[in-house]
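> Quick check, what structure comes out for this input:
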Amino acid sequence: MNVDLLIYNIGQLILPRFCSTPLKGDQLGQLLIKENAAFAVKDGLISWLGNSDEIHNFIAIKKIDAKKKVVSPGLVDPHTHLVYGGSREQELALKQAGVPYLEILANGGGILSTVEATRNTPEGKLIEKARKHLETMISFGVTTLEAKSGYGLDRDTELKQLRVVKKLNELYPISIVSTFLGPHAIPLTYRGKEERFLQKMTSLLDDINTEKLAEYVDIFCETGVFTIEQSHKFLLEAKRKGFGLKIHADEIDPLGGAELAANLGATSADHLVAISDEGIKRLSDTNTVAVLLPGTTFYLGKDQYAPARKMIEAGAAVALATDFNPGSCVTENMQLIMSLAALKLKMSPEEIWNAVTINSAWAIGQEAESGVLDVGRKADFVIWNIPNYQYLPYHFGVNHAASVYCGGKLIWNESRILSD
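Modelled structure (predicted):
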């Protein structure tokens, strides 16, 4: 049989299961590991998967000896704020000194400083900056991700951010799912006039639809930002216009964002550090994915993490993401998130691998394309410099990816130190 690519001598091939729903409860802890494995790729898709001793049946344009390394599906990052202007390193010392965020905000810092920088950065410069962040994500094994707007808070800048995401999708072979997060914060000029601002953001939905700039919408439902009632109104209108729904929910206070997500059939509810028992129950009764962001809790120096074990044991679908952004989680490293999930969320290696592949794919509507290696599916995969699948969460803070493939083509390879 003629194929384009043959990968053989795989020590452990990680094979998350595809089911008709996201993995929940005990399913999340079940992970098929195939040893001495091999697979073939033709026209960007996996055409065969089996054992290394069967490869004599194939004629391949290119063969790769995996040298007993671990191979997995490409990682999926379902929550990022990829496109923004500027940076906020000067705020770190203020946070360390105990300056409250609201004081930083009142002095022109916080998210409003990123909004100003993003408004003042030309589209070409935003593309150039986002490319660097995106390529770093790829180097850590990500082949599918979500990218939000939300640092414009006005018509022109929100559309500019979404156009940048669209351009990045054209420039790179990986899959980028776009989300409109216009209701990310309330501009100072709209304090006390939140309904007017929300109407302004809602009015953008038709333009976004016309230009096909986003598949999803999102809103920050939290104390001091948008209420449950306002979030419900915005999301319902977006759903009516054909958008998928996501929500920043219950990060600080248990307002009922998780319950709202479940009631509306949202694809995901994200953060959930302060989720209520009722919110956990409602999520467990639906296919709405709980996207947990331990990197944000870690970076903000907080002690309370999202109750992952409680969610998993109750039967909720759990995924993991970086929440890459310039203010509360400045990392593109999904491998670090996997370690934090083990150390802080008390998730098992099997749960973690499922949460960064197939369940993360479900969280952004990519379950048919990403997160699983099987015959007929796109050949997005990573070869890892690790002895077994348990090793990656254990050894944190370094990059274990040896090479990253998208559609069967090499898109990143580890740098090597060359000797004289």
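
> What strand or helix carries the closest residue to residue 171 other than its chain neighbours?
What sits nearest to residue 171 in space, not counting adjacent residues and going by Cβ to Cβ, 6 or more residues apart in numbering, is residue 131, at 7.4 Å. No exception for glycine: its C-beta is placed from N, CA and C like everyone else's. Using DSSP states H and E, residue 131 maps to helix 123-139.

> ok, now residue 143?
strand 142-148.

> In terms of secondary structure, what does that strand contact?
strand 75-77, strand 175-180, strand 401-406 (3 or more Cβ pairs under 8 Å, 6 or more residues apart in numbering; DSSP states H and E).

> quick one: stretch 6-25 to chain centroid distance?
Here stretch 6-25 is found 19 Å from its chain centre; the criterion is Cα atoms, centre = their mean, to the nearest Å.

> Can you give me the buried ones in that stretch?
Within stretch 6-25, the residues that qualify as buried are 6-16, 18, 22-25, counting by 16 or more other Cβ atoms under 10 Å.

> Could you pull up the mean pLDDT of that stretch?
Mean pLDDT, stretch 6-25: 97.

> re the thing from before, which neighbouring elements make contact with the helix holding residue 131?
Counting contacts by 3+ Cβ pairs under 8 Å, 6+ apart, helix 123-139 is packed against helix 155-171, strand 401-406, strand 409-413.

> For residue 306, which three-state class applies?
Three-state assignment for residue 306 (DSSP: H, G, I helix; E, B strand; the rest coil): coil.

> Hmm, residue 272 and it touching each other?
Yes - at 4.9 Å, residue 306 and residue 272 qualify as touching, with contact defined as Cβ atoms under 8 Å.

> Which neighbours do those two have in common?
The contact sets of residue 306 and residue 272 overlap at 290, 292 (Cβ atoms under 8 Å, 6 or more residues apart in numbering).

> from the chain's centre, how far out does the strand holding residue 143 sit?
A distance of 5 Å separates the centroid of the chain from that of strand 142-148, by Cα atoms, centre = their mean.

> And for stretch 313-333?
Taking mean C-alpha positions (Cα atoms, centre = their mean), stretch 313-333 and its chain are 7 Å apart.

> buried stuff in it?
Residues 314-333 are the ones in stretch 313-333 that count as buried (16+ other Cβ under 10 Å).

> Now go through those and say which are in strands.
By the criterion of DSSP state E, membership of the buried residues of stretch 313-333 in strands covers 317-320.

> could those residues go into a markdown table alongside pLDDT and distance to residue 138?
A markdown table is the format used below for those (pLDDT from 0 to 100; distance: Cβ to Cβ, whole Å):
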| residue | pLDDT | distance to residue 138 |
| --- | --- | --- |
| 317 | 98 | 26 |
| 318 | 98 | 24 |
| 319 | 99 | 19 |
| 320 | 99 | 18 |
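
> Using a markdown table, please lay out those together with distance to residue 223.
As requested, these are exported to a markdown table (distance: Cβ to Cβ, whole Å):
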| residue | distance to residue 223 |
| --- | --- |
| 317 | 26 |
| 318 | 24 |
| 319 | 25 |
| 320 | 25 |
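
> before we move on, the earlier item: for residue 208, state which of the buried residues of stretch 6-25 is nearest.
Nearest to residue 208, judged by Cβ to Cβ, of these is residue 22 at 26.3 Å.

> ok, that closest one touching residue 359?
Yes - using Cβ under 8 Å, residue 22 is in contact with residue 359, at 5.1 Å.

> overlap in contacts of these two?
With Cβ under 8 Å, 6+ apart, residue 22 and residue 359 have common neighbours 289, 317, 319.

> outside of the lowest-mean-pLDDT helix or strand in the chain, which residues touch it?
Confidence across the helices and strands of the chain bottoms out at helix 101-106, with a mean of 74, counting by mean pLDDT, DSSP states H and E. With Cβ under 8 Å, 6+ apart as the test, helix 101-106 has contacts from 91, 94-95, 110-112.

> Okay, buried residues for that helix please.
Under the neighbour-count criterion of 16+ other Cβ under 10 Å, helix 101-106 has 101, 104-105 buried.

> and what of stretch 155-164?
The neighbour-count check on stretch 155-164 (16+ other Cβ under 10 Å) flags 157-164 as buried.

> where are the low-confidence patches of the stretch 101-250 of the chain?
Residue ranges of the stretch 101-250 of the chain with pLDDT under 70: 102.

> mind running it again at 50?
Counting by pLDDT under 50, the stretch 101-250 of the chain shows no low-confidence range.

> Could you do the stretch 301-420 of the chain as well?
In the stretch 301-420 of the chain, residues with pLDDT under 50: 417-420.
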